[in-house]
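**Q** all I have is the shape, not the residue letters:
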C-alpha cells in the first residue's frame, strides 16, 4: 500500500468518526429540546387552568368589593397579559424572549392576585362564602401544580443547556440552530411565593 492510500484511509476514517459524532450530538440535542418543550406543555395546561379560574374569582369578589374596582381591573389586565404571553411561549418554548415575557407577565399576575387576596381579608362575608372557599382551594391546588410543572421544565432546560454547552457539542450546537433555552423564573423576589389564597 502506498503512503497516499494509507493517508486517505486515515482521513476517511477520521471524517466518518466526526460525522457520527456530529449526528450523535444533533440527535441528543433534539431529544433534550423536545423534552423541555414537552415540559413546557405541562406548564401551559396548568396556566390555562389558572387563567380560567381567575374570571370566576373576579366575578365572585366583585359583588363584595364594589369599591375595589381598580384592584379587580388590575387582576383582569394582568391575567390578559399573562394569557397572551403564555400563548406566545407555548408556540415558541425554545425562544428565550417568549419565556422572559411569560415570566414577567406571571410575576405581575401573582402580584395583582396577592393584592386582591390581601384586600379580600377585610370582607367577612366574602371569607365565609362557600363558593369562594372552593375557588380558593382550586386556585391553591393549581398554584402547586404550576410550581411542580415549572420545576420539571427548569430541570429539562438545565439538562438541555448543559448538553449544549459541553464539549464537543459546544463546537456544533450554535451552527445547528440550538439556542440557549431560558429558565422560567419569577423575576420579582417579593413575588416568588405563590399568591396567598387562604382567608382563614
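**A** Perfect, thanks for sending it. Just so it is clear, the model here is predicted, and its values are computed rather than measured. Numbers count the residues shown, from 1 in each chain.
**Q** contacts, neighbours, all on C-alpha from now
**A** Fine.
**Q** so where is the protein shaky, pLDDT-wise?
**A** Counting by pLDDT under 70, the ranges of the chain that qualify are 1, 186-200.
**Q** quick one, longest helix in it?
**A** With secondary structure taken from DSSP state H, the chain has its longest helix at helix 3-62.
**Q** the next helix or strand after it versus helix 3-62: what angle between them?
**A** Downstream of helix 3-62, the first helix or strand assigned by DSSP states H and E is helix 69-91. Per axes from the mean of the first three to the mean of the last three CA atoms, to 10 degrees, the angle that helix 69-91 makes with helix 3-62 is 160 degrees.
**Q** relative to the whole chain's centre, how far out is helix 69-91?
**A** Relative to its parent chain, helix 69-91 has a centroid offset of 15 Å by CA atoms, centre = their mean, to the nearest Å.
**Q** show me what it is packed up against.
**A** helix 3-62, helix 96-120 (3 or more CA pairs under 8 Å, 6 or more residues apart in numbering; DSSP states H and E).
**Q** ok, and which of the ones you listed has the densest surroundings?
**A** Mean neighbour count (mean count of other CA atoms under 10 Å) peaks for helix 96-120 among these, with a mean of 21.
**Q** and residue 133, what element?
**A** Using DSSP H and E, residue 133 sits within helix 130-165.
**Q** can you tell me how far residue 58 is from residue 114?
**A** Computed with CA to CA, to the nearest Å, the distance linking residue 58 and residue 114 is 13 Å.
**Q** one step back: what packs against whichever helix or strand comes after the helix holding residue 133?
**A** The helix or strand immediately downstream of helix 130-165 is helix 169-172, counting by DSSP H and E. Judged by 3+ CA pairs under 8 Å, 6+ apart, the packing partners of helix 169-172 are helix 3-62.
**Q** could you give the separation of the helix it packs on from the chain centroid?
**A** For helix 3-62 - counting by CA atoms, centre = their mean - the centre lies 15 Å from the chain centre.
**Q** which residues does the residue nearest the centre of the chain contact?
**A** Closest to where the C-alpha atoms of the chain average out (CA atoms, centre = their mean) is residue 184, at 4.5 Å. By CA atoms under 8 Å, 6 or more residues apart in numbering, residue 184 lies in contact with 99, 100, 102, 103, 150, 153, 154.
**Q** how near is it to residue 101?
**A** The gap separating residue 184 from residue 101 is 10 Å, by CA to CA.
**Q** just residue 14 next, same as before
**A** Distance, residue 14 to residue 101, using CA to CA: 45 Å.
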